[in-house]
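>>> What follows is a predicted protein model with its sequence.
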2 protein chains.
Amino acid sequence: MLFSYVSHLECPKCAASYSHRERHQLCACGSPLLVRYNLQALRSAWSKSDLAGRDNSLWRYRELLPVEHEANVVSLGEGMTPLLPMPRAGAGMGIPKLYMKDEGLVPTGSFKARGAAVGISKAKELGVRSLAMPTNGNAGAAWALYAARAGIEAAVVMPIDSPVITRAEVAISGARLALVDGLISDAGKIVAQAVRDEGLYDASTLKEPYRIEGKKTMGLEIAEQLGWRLPDVILYPTGGGVGLIGIYKALLELKELGWIEGKLPRLVAVQASGCAPIVKAWEEGRAESAFWSESATVAFGINVPKALGDFLVLEAVYATGGCAVAVGDEELLAEQRQVAALEGAFVCPEGAAVFAAARRLRASGWIKEEETVIALNTGMGIKYPDTVRADPPILPPGGVMPAGPRASEGGEAR
Amino acid sequence: MLFSYVSHLECPKCAASYSHRERHQLCACGSPLLVRYNLQALRSAWSKSDLAGRDNSLWRYRELLPVEHEANVVSLGEGMTPLLPMPRAGAGMGIPKLYMKDEGLVPTGSFKARGAAVGISKAKELGVRSLAMPTNGNAGAAWALYAARAGIEAAVVMPIDSPVITRAEVAISGARLALVDGLISDAGKIVAQAVRDEGLYDASTLKEPYRIEGKKTMGLEIAEQLGWRLPDVILYPTGGGVGLIGIYKALLELKELGWIEGKLPRLVAVQASGCAPIVKAWEEGRAESAFWSESATVAFGINVPKALGDFLVLEAVYATGGCAVAVGDEELLAEQRQVAALEGAFVCPEGAAVFAAARRLRASGWIKEEETVIALNTGMGIKYPDTVRADPPILPPGGVMPAGPRASEGGEAR
């Protein structure tokens, strides 16, 4: 039994093939590369029951991950996040079988830790010493911290409006950090220049092939946690879209392994009205998106005006009979308060967008009452404290607690 | 097989006994109450192998928890946090077998979620509709959010200097929130008055008996994760001390069940120099602590001038041959940066205190090189962003990433 059944890298556009034992970034044709596995061999060597007793981390699926030697695994215990029933929130929307996959319960409090864990582990295996990346905050925080654990140097550039907490995370890791007075696309250009000037490994979204593999474990976990039966719908907050690409890839691989059967869940790309290039492309039936000018949303993680993997996101949505939905900032912030008050889950604004989309798709009839629906919350609300207004009374020692009405109110856009 | 083997409540001071099927707060003698189980029956009914295949949450130990009916379990997926090797940080201290139990990976990003999950579940089972509690921030956040999931009303009072993020957590849960211009002891008096005036359930630390039961699962998990072998030392950041009391209780129960053998780990209560009542009591060989005036520390969660359960903490330390150590704010903040830069873990200041204590105890020879040492990190560093200074350069679009030296530096006291 091998530790990993990785076989090679493949271009989804031109079908060129590359070795996974050398450093590669994009294909010569400009497309992101995907990791391929020897699924035929794995099908006979591996069975679901082999998972019993393995670690509660994404490394339980090591055969379907690209790291070949266990010694290169860089882990902070990421993965196997809860799949929680949301009965009270679901009742309010008319979706009794509503679940939340809660990616707040990972190192750094954001699902970006999955991509960082696998991406950094593979970078270590490939002998990378220094890397650079642009970020909207959370990915940079995760990669900087995992890089520190691996002993790899990291340089991170983020927009000045990124969540302030993610600056502290990058700073304390010891990584190089710069802010740009612009968007993630501007940060990307600065990183590209640094990569050329300094010969750094480019860890930008989809410019290295391994981050997808970390993200795809969300799909593997959902399948395992539902006992290898599939939900009807998965809603995903879509910026770069790597998680959605990854979940789709995971499901296709599980199908090829014979571990799941039947129709795949309809994948829904959720965006913010202030930055909805994928939604626009989907509405127009296009295969790629166009750059979204003057993008703005409180859900900062999905403020991505043009994603390198947009064509892969759209392919996953089309192939599964899914859809793409944009929700407004007020709408998603109201949903964030609802989810907290009804279920005790303080989700991030991106995660709140997904609940708002579920409500809307149920109202329109696109989601049926009896369907099993998974809302993917990509991180903790505490990373965005400014989305909540707290204006409590201040008492002197010996003061008296004011009676109701409740002295605090959630929520207001900043 | 029962869901729970809970049998009754018992006073550790006067041995009085109470029913776990009625609401109780303190014993009539003023002491906190402890939950007792029918361990004799459980010993023959339950074995380690029964845990295989159970959920990755603290509810895998339901037989040793006080909730009798599964329908009353209020869970957000808490528990079974990673036990991570810390080889690089350990090498720097001369403790090669250093591990971190990372309580950042729970709902609300703090170990307080364990006490809240079990405490709220039992409150639901007892029919509680409204509760109140004082808090240094994190416990109030956790209890308010779990209460929301349970449909229970919560009222929370916290010092004005509590971490600002915890206000947002309480506010978005819909709970009543008030700040007090004082310490947690002042918040406690306001809550006590509200409990009397409004007939609320008092969820103050140790004034309800069930929070300890949630916290004790840290001890159960450490034992299971080490294959039912015990470490030599466990270091715990001690404010109210419930976690340390709980871990000790867990180990005694496991011993009585026959699941573990031999000497218990030496339990170390770590405090901040600016608030070290337990350390002072231990140094003086006393059974109880005295109120610590003018307490102050950046590790706000352990700014507790007088803990109701101090005698139980000291008993656990004495009985296991442990000790109590105080570390300064500068020392713990330096350790916080070290742990992040070497291991990629952004621990909270309270967790950092524990690493600083480990370093000091190794230097003094109290910890031996070959010993297995567990540092308990009680929460995520991101809940205390002010402990990190990030002062990165701001670039215009099209700017150039500055070369090293690294453009950002971690850490400085606020």
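Everything's here; your move.
>>> tell me what the helix or strand hosting A:Tyr146 is packed against?
A:Tyr146 is located in helix A:138-150, with elements delineated by DSSP states H and E. For helix A:138-150, the packing partners by 3 or more C-beta pairs under 8 Å, 6 or more residues apart in numbering or on different chains; DSSP states H and E come out as helix A:112-125, strand A:130-134, strand A:153-159, helix A:164-173, helix B:329-343. C-betas here are computed from N, CA, C, even on glycine.
>>> now these in CSV, with distance to A:Trp46, mean neighbour count and mean pLDDT?
Output for the helices and strands packed on helix A:138-150, formatted as CSV (distance: least, C-beta to C-beta, whole Å; neighbours: other C-beta atoms under 10 Å in any protein chain shown; pLDDT from 0 to 100):
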stretch, distance to A:Trp46, mean neighbour count, mean pLDDT
helix A:112-125, 18, 30, 98
strand A:130-134, 31, 25, 97
strand A:153-159, 34, 27, 97
helix A:164-173, 35, 28, 95
helix B:329-343, 32, 23, 98
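>>> quick one: low-confidence parts of chain A?
Along chain A, the model assigns pLDDT under 70 to residues A:404-414.
>>> Assign a three-state SS to the residue most central in space within it, would you?
Computing the C-alpha centroid of chain A and ranking residues by C-alpha atoms, centre = their mean puts A:Gly243 first, at 4.4 Å. Of the three states, A:Gly243 takes helix under DSSP: H, G, I helix; E, B strand; the rest coil.
>>> Without its sequence neighbours, what residue ends up closest to it?
Nearest residue to A:Gly243 in three dimensions, chain neighbours excluded: A:Lys215, at 4.6 Å (C-beta to C-beta, 6 or more residues apart in numbering or on different chains).
>>> Repeat that for A:Val325.
A:Ala357 (4.4 Å).
>>> Which secondary structure elements does the one helix or strand the one you found maps to sit against?
In the assignment (DSSP H and E), A:Ala357 maps to helix A:349-363. Counting contacts by 3+ C-beta pairs under 8 Å, 6+ apart, helix A:349-363 is packed against helix A:87-93, strand A:233-237, strand A:266-272, strand A:323-327, helix A:329-343, strand A:373-377.
>>> ok, now with 10 Å
Secondary-structure packing of helix A:349-363 (3 or more C-beta pairs under 10 Å, 6 or more residues apart in numbering or on different chains; DSSP states H and E): helix A:87-93, strand A:98-102, strand A:233-237, strand A:266-272, strand A:323-327, helix A:329-343, strand A:373-377.
>>> Just the buried positions in that helix, please.
Neighbour-count burial for helix A:349-363 flags A:349-362 (criterion: 16 or more other C-beta atoms under 10 Å in any protein chain shown).
>>> Adding distance to B:Asn136 as columns, could you present the helices and strands packed on helix A:349-363 in CSV?
Listed next are those as CSV, based on distance: least, C-beta to C-beta, whole Å:
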stretch, distance to B:Asn136
helix A:87-93, 29
strand A:98-102, 25
strand A:233-237, 33
strand A:266-272, 35
strand A:323-327, 36
helix A:329-343, 21
strand A:373-377, 27
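>>> which phi and psi does the nearest residue to A:Leu145 once chain neighbours are set aside have?
Spatial nearest neighbour of A:Leu145, excluding adjacent residues (C-beta to C-beta, 6+ apart): B:Gly344 at 4.0 Å. B:Gly344 adopts backbone torsions of phi 70, psi 20, taken as degrees, to the nearest 10.
>>> Can you give me the distance of the residue nearest to A:Val325 to chain B?
According to C-beta to the nearest C-beta, to the nearest Å, A:Ala357 and chain B sit 20 Å apart.
>>> A:Glu370 now?
Look at A:Glu370 and chain B: by C-beta to the nearest C-beta, they are 23 Å apart.
>>> Thank you, goodbye.
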